[in-house]
Structures are given as C-alpha cells and as structure tokens.
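J.: Provide a 3D model corresponding to the input given below.
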Amino acid sequence: QAGQSWQGFVDLVQQASIHDLEQNAEMFLGAFPNTYTLSKHWAEIALLEHSHKVKLAVVRPTIVGAALSQPRPGWIDSVSAAAALYLTASLGITVAAKGRQSVVGDQIPVDFVVDACLIAAANAHEIDRPRFFHSGSSHFNPVTWQQSADCVIGYGRNRPVPMQVREAAWDMLDNEQAWAIWFWVQYGLPDLLLRAKQTAGDKGAAKLRKKWSKVTNRARAMVESFKHFTSNSWIFETSGLDCIASQLPESQQAVLQWDVRSFTWEKYLNLFMHGLHVNVLGVKEVPPRQLENALLQPWKTPWTAYKWGGTGATVGQGGVGRENFVESVLRSAGVQRAIVANCKETGRKHEDIEKLARKEAETMVDAWNPPAIHATWSVVCVGMRQLFDGVLVDPCDIQRVRSAAQTSLPILYLPVHRSYLDFILLSFIAVRYELPVPHIAAGQDFLGMGPVGSILRQCGAFFMKRASGDVLHDAVLSSTLALLLRERKAVEFFAEGTRSRQGRMLPLRRGLLKVVADLVQSNTVKDVLVVPVSVAYDRVPEICPYAREMLGIPKIKESTSALFKSLGVLFRPHGCAHVRIGDPMSMRAMLDQGCTVPAIGESSSF
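T.: All right, here's what the predicted structure looks like:
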C-alpha cells in the first residue's frame with residue numbers, strides 16, 4: 001500500500017475476485033487489524049485530498065457502544081464491536097477470550113460521538129486546515145477489559161434471559177496455548193460428550209451437537225475478530241475536543257455530552273447490557289439503578305449559603321446565632337429543672353450549677369462557620385478523590401431527601417457506622433447535592449484533637465459525653481436537640497453508638513434515639529423525618545486498625561498525631577464508597593404504631 005492512492009486501492013479491490021480477496025486478506029489489510037479500520041484509513045486520505053474545497057473536521061470515535069442517555073439510556077440498534085462481545089459473553093457463548101485483563105478497552109457511548117460531531121462541526125468554520133478529534137474515554141476515564149467483564153458477567157448472572165446457553169462467563173488468557181486448552185475444555189469437551197451420546201443412539205444428541213457446533217464457531221469467530229483490541233492498549237488524546245467544547249456558550253455546553261468523566265463505567269455498562277436485553281433480545285425488564293459519582297458533581301454552593309442556622313434548604317429554614325442558642329438552651333425548662341435538682345442533691349449554689357450548665361452548653365453546641373465549612377469541604381473533596389475511585393449515590397435517593405427537605409419537618413439522618421469517614425461522606429454528599437447539611441453528634445474525645453476538634457465544631461459537630469449518666473449534661477443535650485429540631489435543622493448521629501468492626505450492623509443503642517423519640521412523644525417537637533443511610537466500602541479505610549484490635553492490641557486514641565499518622569491511607573487503593581439513602585419515615589407515625597426505642601443491646605423496631 002506504500003505510495004498507493006486511495007483511488008488506486010479501491011480500483012484494485014474492485015477488480016479482484018472474492019476468492020483473491022480471501023486468499024490475500026493479509027496482504028490487503030497490511031498493518032490494519034480488520035477491514036473496518038482499513039476503510040476508515042482510506043476514507044480519511046480521500047477526504048484530505050479534497051479538503052481544499054471545504055472546511056474539514058474529522059471525528060475519530062473509538063469503540064462505539066450503547067447510548068448513555070440520548071435518545072434514551074442504553075439505546076442500541078445493532079450488535080457489533082463491543083456489543084457483540086458483551087452479548088455473547090452474557091449468553092454463555094463466548095466464555096474464553098484472548099487478551100490481557102489489564103488492557104484498556106477504549107469505549108465511548110454513541111450519544112457522546114454524535115455530540116462530538118456537533119462540537120467539531122461548530123468549530124469547523126474557524127479552522128484553516130483539516131482538524132482531527134478523538135472521541136474516546138482512555139485519556140480521561142480509562143476502563144480495562146477486566147472491569148468491563150466484571151460488569152457484564154455480573155449483569156448476566158443477576159438478570160439471566162431465556163436464550164442463555166449457559167451461565168454468563170468471561171475468562172481472558174494471553175497465552176495462546178493456555179487459551180487453546182481452555183477453549184477445548186469449554187467447547188471441545190461438551191462436543192465430545194455429545195458425540196458419545198450420539199454414537200450411543202441418542203437421537204436428540206445429534207440436534208444438540210449441531211447447535212453446539214454453531215455456538216463454538218461463533219465463539220471462535222468472536223475471539224479472533226476481537227483479539228487485536230483485547231491484547232493491545234491504546235490511549236487516545238481527547239484534550240482537543242475538550243478544549244473546543246469548553247469554548248462553546250454555556251447554554252450549548254449544558255445540552256451536549258463530551259466529558260467522559262461525568263459517568264462511571266459500572267453505571268454505563270449496566271445500561272449497555274439493559275439496552276442489549278431490551279432492544280436486541282426483546283426481553284422486558286426494569287432498567288438498572290443508575291448511580292452517580294458524587295466526586296464528579298460540580299461545586300455549586302457558595303460559602304455565603306452556610307449561615308449558622310441557614311436561610312435555605314441546604315441547612316434548614318430560620319435560625320438563631322450561637323450565643324443566643326446557648327442562652328436558649330440554658331433557659332429551657334429541662335435544663336432549669338436539672339439545675340434545681342442538682343442544687344438540692346449537692347447543696348451547691350444555684351449560680352455555681354448554672355455556670356456548670358453554661359460550660360456544658362458551650363462545650364456541646366457547634367459553631368457554624370461559613371468560610372470554614374467551604375474551605376474544609378474543598379479540602380475534603382481533594383482527599384476523597386485521592387482515597388476513592390468514586391463515591392456512588394443514586395439520584396433517586398437524592399431526590400427523596402430534597403422532597404423531604406421541602407416539608408416543614410426536621411430531618412434526622414441515621415447512618416450505619418463502619419468508619420470514621422461515614423459522617424464525612426454524608427456531609428460531603430449533602431454539600432455536593434445541596435441537601436440539608438446535618439449538625440452531627442460527636443464524642444467529646446474529638447475535642448482532644450486540637451485544631452481538628454475546632455474545625456469539626458465549625459462544620460456543625462456538637463460534642464457529647466459517651467454514656468455519661470450526668471443529669472445536667474443529659475438535660476443540656478436534650479435541650480440542644482430540641483432546639484435544633486424545632487428550628488428544622490438536620491441532625492445526624494449513629495444509632496449503633498460505635499463503629500462496627502465486623503462489617504455487620506450492631507444492635508441499636510438506647511440514647512440519642514430515645515431522646516428524639518421522647519421529644520416527639522411529648523410534643524416538644526411536632527415530628528421528625530428519620531432518613532436511614534447505608535455507607536459501604538469496597539475496602540474499609542480502617543481495616544488494618546480493626547485487625548490489630550481483634551488481635552488484642554488496644555484501640556488507638558483519637559488525637560492529632562494519630563490523624564497525621566493515618567494519612568498514609570490516602571495512598572492505598574480503596575475502590576469505591578457506596579452511599580444509599582432510604583425513604584424518609586415519620587417518627588410520630590412509627591411511635592403511633594407502637595414502635596418503641598429498645599434498651600441497650602436489644603434489637604430495634606426502627
């Protein structure tokens with residue numbers, strides 16, 4: 001092909017017979033893996049030859065797959081490229097592929113390719129020479145074939161279809177001999193068994209063997225046609241497209257898709273498989289749950305929105321200043337009764353006990369600080385991106401909390417407790433999605449962490465003693481919660497009371513949950529919407545300390561030095577964090593139905 005014109009090559013192909021083309025396929029293809037890539041090569045040469053007549057912008061898509069969102073999620077109308085591999089693997093046809101698991105398979109949703117063409121066309125009038133743009137994912141959001149295989153096989157096994165040949169599977173081997181042996185085990189051995197049954201006179205075996213022969217041939221053809229892409233990685237530079245897209249008016253950027261960092265591969269590949277099932281196989285099934293990566297969501301909320309007490313849905317309606325809040329706590333009937341009772345019990349002066357109550361309130365109440373909140377969550381976002389591949393949330397969960405925030409009722413977040421990061425993740429998501437940002441109940445242990453304790457206080461943490469038995473402290477705590485809830489603030493605490501070291505949920509403990517229930521039952525607070533939250537990790541950051549504790553090594557005390565020593569976790573892989581938010585539940589409705597807050601160690605009705 002060296003020195004040959006595109007027209008000369010076309011003439012050569014047209015003059016050759018099909019027999020000659022098949023016999024000399026390698027000569028015609030040259031360095032190209034298939035006729036598809038060869039055709040694109042000669043097409044570009046033909047366009048360049050005539051580019052002096054028109055403005056030319058060429059978009060080079062990588063492996064084009066199902067749509068992410070337009071015209072609908074998972075839309076696909078043909079089985080080619082990766083779709084053929086995914087479909088045959090999920091049906092149990094192609095279970096042994098040639099290639100390496102770590103190879104990057106550059107894939108791109110078809111609606112991203114369409115929008116890339118629109119973006120390139122919009123820019124074409126400004127160029128004085130042909131421009132080439134890649135539309136792919138390997139530059140900014142690469143995915144390996146192993147990641148693709150995990151999603152495809154997981155989907156195929158969770159949602160089997162009637163036409164499945166066998167259970168979905170997809171093994172990859174880069175050694176030719178190992179692959180040949182494994183292929184024979186998967187396909188040759190079943191054929192051998194069917195042949196034996198046929199020889200023994202089983203009439204049905206002949207039909208099955210004929211069908212199995214077709215399956216084997218399809219699998220071999222699929223493996224051979226795709227091995228070039230599953231054995232080699234290419235990284236396609238896409239910053240050119242990114243650059244011209246960022247220059248478009250914001251109104252156009254809002255409706256065009258080009259940034260592959262805006263989705264997770266798990267979400268996309270689940271939609272891809274759903275599209276194959278519905279559009280190709282004709283199966284009726286419910287669309288998969290679509291998750292978003294909170295780390296990729298834009299930062300929308302300015303620091304001025306985080307006033308103490310708040311003025312919008314982000315932190316609740318209304319509000320009072322911190323000093324007034326402390327005074328309101330001290331003037332509350334519950335605290336005044338506790339002060340009088342303490343005076344009678346100890347014989348001390350009212351003024352002395354009131355000073356103790358003020359000290360308790362000053363220690364407990366948070367100090368909502370807008371600049372501190374904004375600065376802290378900016379730093380947290382950087383740390384989260386270093387720590388996790390993604391923080392996955394369901395947009396439907398987010399919408400449920402938004403709807404709950406529009407009511408006149410306060411929200412009580414009740415997350416499970418696996419890690420110190422639980423409360424950070426929940427507040428991070430609240431800030432990211434402009435949900436009610438919670439005031440968080442924290443142990444007074446954190447006050448010994450110097451500036452860290454101060455930062456937590458300014459970000460909404462209020463500090464309490466653990467199982468104190470101190471009547472005065474408990475009265476201040478109850479009044480603090482009552483005022484927060486009456487002001488429609490969001491509150492968060494862990495009903496388990498401590499982190500679960502074994503990965504399973506611990507029995508709920510009596511304490512703050514009972515305080516809130518008593519406030520509702522006594523009509524001090526009209527009602528509270530309880531929002532259960534599940535936080536799960538591919539790898540819990542504290543897994544190593546947990547292992548040491550199980551060996552009998554004492555728990556490391558919370559301190560600033562311990563925090564800095566733990567920063568090493570930022571440089572270890574932890575996969576994704578998965579946050580699920582349940583339906584908001586009315587505490588009053590639950591109490592009216594006879595639910596009770598259990599004693600310590602008992603199971604809970606909540």
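J.: list the contacts for the residue nearest the centre of the chain?
T.: For the chain, residue 392 is the residue whose C-alpha lies nearest the centre (C-alpha atoms, centre = their mean; 1.9 Å). Neighbouring residues of residue 392 by C-beta atoms under 8 Å, 6 or more residues apart in numbering: 264, 266, 291, 292, 293, 294, 576, 577, 578, 579. All C-beta atoms are positioned from the backbone trio N, CA, C, and that covers glycine.
J.: what helix or strand does the closest residue in space to residue 95 that isn't next to it in sequence sit in?
T.: Nearest non-adjacent residue to residue 95, counting by C-beta to C-beta, 6 or more residues apart in numbering: residue 169, 4.1 Å away. Here residue 169 is covered by no helix or strand, with elements defined by DSSP states H and E.
J.: all strands for the stretch 401-550 of the chain, in order.
T.: Here the stretch 401-550 of the chain has its strands, by DSSP state E, counting those that start in this stretch, at 411-415, 439-443, 461-464, 491-492, 529-537.
J.: could these be laid out in a markdown table, adding mean pLDDT, mean neighbour count and distance to residue 276?
T.: Formatted as a markdown table, the strands of the stretch 401-550 of the chain follow (pLDDT from 0 to 100; neighbours: other C-beta atoms under 10 Å; distance: least, C-beta to C-beta, whole Å):
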| stretch | mean pLDDT | mean neighbour count | distance to residue 276 |
| --- | --- | --- | --- |
| strand 411-415 | 92 | 24 | 36 |
| strand 439-443 | 87 | 21 | 44 |
| strand 461-464 | 86 | 22 | 48 |
| strand 491-492 | 92 | 24 | 41 |
| strand 529-537 | 89 | 20 | 28 |
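J.: What separation is there between residue 354 and residue 331?
T.: According to C-beta to C-beta, to the nearest Å, residue 354 and residue 331 sit 11 Å apart.
J.: ok, these two, which is more surrounded?
T.: residue 354 (17 against 10; other C-beta atoms under 10 Å).
J.: How far off centre is stretch 519-537?
T.: 26 Å (C-alpha atoms, centre = their mean, to the nearest Å).
J.: pLDDT weak spots in the stretch 1-150 of the chain?
T.: Residue ranges of the stretch 1-150 of the chain with pLDDT under 70: 1-4.
J.: quick one, strands of it?
T.: Going by DSSP E, counting those that start in this stretch, the stretch 1-150 of the chain shows strands at 57-61, 63-65, 96-98, 107-109, 131-135.
J.: Quick one: neighbours of the residue nearest to residue 95, just the number.
T.: By other C-beta under 10 Å, 17 other residues sit near residue 169.
J.: Wait, it touches residue 91, no?
T.: No: Residue 169 is beyond contact range of residue 91, at 10.2 Å (criterion: C-beta atoms under 8 Å).
J.: which residues does the residue of the chain most remote from its centre contact?
T.: Distance from the centre of the chain peaks at residue 347, with 58.1 Å (C-alpha atoms, centre = their mean). By C-beta under 8 Å, 6+ apart, residue 347 lies in contact with nothing.
J.: And it, how close does it get to residue 353?
T.: Distance from residue 347 to residue 353, by C-beta to C-beta: 10 Å.
J.: Which helix in this protein has the most residues?
T.: Identified as the longest helix of the chain according to DSSP state H is helix 203-230.
J.: and after that one, which helix or strand comes next?
T.: helix 239-246.
J.: Kindly calculate the angle that that next one makes with strand 131-135.
T.: 90 degrees (axes from the mean of the first three to the mean of the last three C-alpha atoms, to 10 degrees).
J.: List the buried residues of helix 239-246.
T.: Using 16 or more other C-beta atoms under 10 Å as the test for burial, helix 239-246 gives 241, 242, 244, 245.
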